[in-house]
Each structure stands twice: as structure tokens, then as C-alpha cells.
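Q: No sequence on hand, only this structure:
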């Protein structure tokens with residue numbers, strides 16, 4: 001289960017996927033050639049596609065290699081008895097892992113929030129983020145833009161050419 005847990009956490013962090021979307025994923029929802037996940041029933045029963053980075057793709061490949069008898073209809077992230085996680089079971093798993101790692105007050109939604117902020121910090125734009133998170137309105141993601149703006153103010157205070165040249 002250690003590989004499953006590491007992969008699960010990496011996918012949560014790398015995609016901003018909702019916990020309910022992650023627990024509903026089947027093996028058939030993963031396209032390993034393109035590194036994409038099909039979210040069949042997102043919020044509002046909407047379908048969308050999200051993509052994994054290389055780290056998450058490699059971990060998912062390793063996880064799938066440990067499941068040679070898995071069927072396309074099996075959960076992508078199964079419990080020990082090959083059933084889908086319930087949302088509360090996933091929450092308890094994350095809390096246990098966080099406690100062992102010394103992380104205080106973990107929540108499933110924090111992965112989504114962390115993904116969004118870091119996506120913007122690393123050069124992603126708001127329209128892309130809106131699509132990746134599955135939001136209908138741009139207004140919903142403005143909070144992430146405001147938080148990323150704080151990063152810009154901080155960066156300017158450190159890297160201002162005029163200030164550093166003492167003009």
C-alpha cells in the first residue's frame with residue numbers, strides 16, 4: 001500500500017483533482033500513453049480530462065505493474081480488498097499519513113488548493129487552471145490569483161532592478 005499511497009498523494013497534488021473524482025477513477029479512465037485521466041462525473045456531473053506530470057505518470061506506471069490481473073473496471077486506487085475508496089476512508093488515510101509526517105491539520109481540499117497556487121506560481125494561467133479544476137466561472141478561481149499576486153509582490157521586493165542597483 002505504500003506505493004499506492006505515494007501515487008495517490010502525488011496525483012492529488014499534481015492535478016488538483018477532487019477527492020470524490022479520485023475515488024471514482026477506474027483503470028479504464030487512465031490513458032497511460034498520453035498521461036491523462038478522464039473525470040467521468042465531476043462536480044455538476046460534468047466530464048473533463050486532466051493530465052499528469054512525469055512524476056505522477058511514473059508512479060502510476062509502477063503501481064499498475066504491481067497489478068497484472070487488474071481489469072479495466074477495477075478502481076485505479078483500490079483499497080486492500082480491491083474496492084474503491086470511500087471519501088471518508090481517503091480522508092482518514094491522508095490524516096494518518098500526515099500525522100506520521102508531522103503535517104498539521106491536513107485536508108483533502110488542501111491538495112487542490114496547493115495545486116492551484118503552485119500551478120500559477122510555475123507559470124500556468126487562469127484560463128488553464130479554470131479548465132483543469134473543472135470550474136465553470138472564472139470568479140471561482142480568483143482567490144488563487146490573489147494568493148499568487150502576493151508572491152509577485154514579494155518577488156518584486158527581492159528582485160527589483162532599481163532597488164538592487166540602488167538608483
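A: Yep, it's here. Bear in mind that the values here come from a model prediction, so they are computed numbers and not experimental data.

Q: where are the low-confidence patches of this protein?
A: 145-153, 155, 160, 167 (pLDDT under 70).

Q: Where do the strands of it begin and end?
A: 30-31, 36-39, 48-51 (DSSP state E).

Q: State the distance from the nearest residue in space to residue 47 that is not next to it in sequence to residue 131.
A: Distances taken as CB to CB, 6 or more residues apart in numbering put residue 40 closest to residue 47, at 5.7 Å, once the chain neighbours are dropped. Backbone N, C-alpha and C define where each C-beta goes, glycine included. Computed as CB to CB, to the nearest Å, the residue 40 to residue 131 distance reads 16 Å.

Q: neighbour-wise, which of those two wins?
A: residue 40 (15 against 12; other CB atoms under 10 Å).

Q: my guess is that one meets residue 24, correct?
A: Yes. Look at residue 40 against residue 24 with CB atoms under 8 Å: they come within range, at 6.9 Å.

Q: residues contacting residue 25?
A: 37, 39, 75, 76, 77 (CB atoms under 8 Å, 6 or more residues apart in numbering).

Q: do that again at 7 Å, thanks
A: 37, 75, 76, 77 (CB atoms under 7 Å, 6 or more residues apart in numbering).

Q: Show me where the protein has its helices.
A: Ranges of helices in the chain, per DSSP state H, are 2-15, 19-23, 54-65, 87-101, 108-121, 126-133, 142-159, 161-164.

Q: Can you name every helix or strand that the shortest one contacts?
A: Judged by 3 or more CB pairs under 7 Å, 6 or more residues apart in numbering; DSSP states H and E, helix 161-164 is in contact with no other helix or strand.

Q: What about the closest residue to residue 12 other than its chain neighbours, how many residues nearby?
A: Closest residue to residue 12 apart from its sequence neighbours, by CB to CB, 6+ apart: residue 111 at 3.9 Å. Counted with other CB under 10 Å, residues neighbouring residue 111 total 24.
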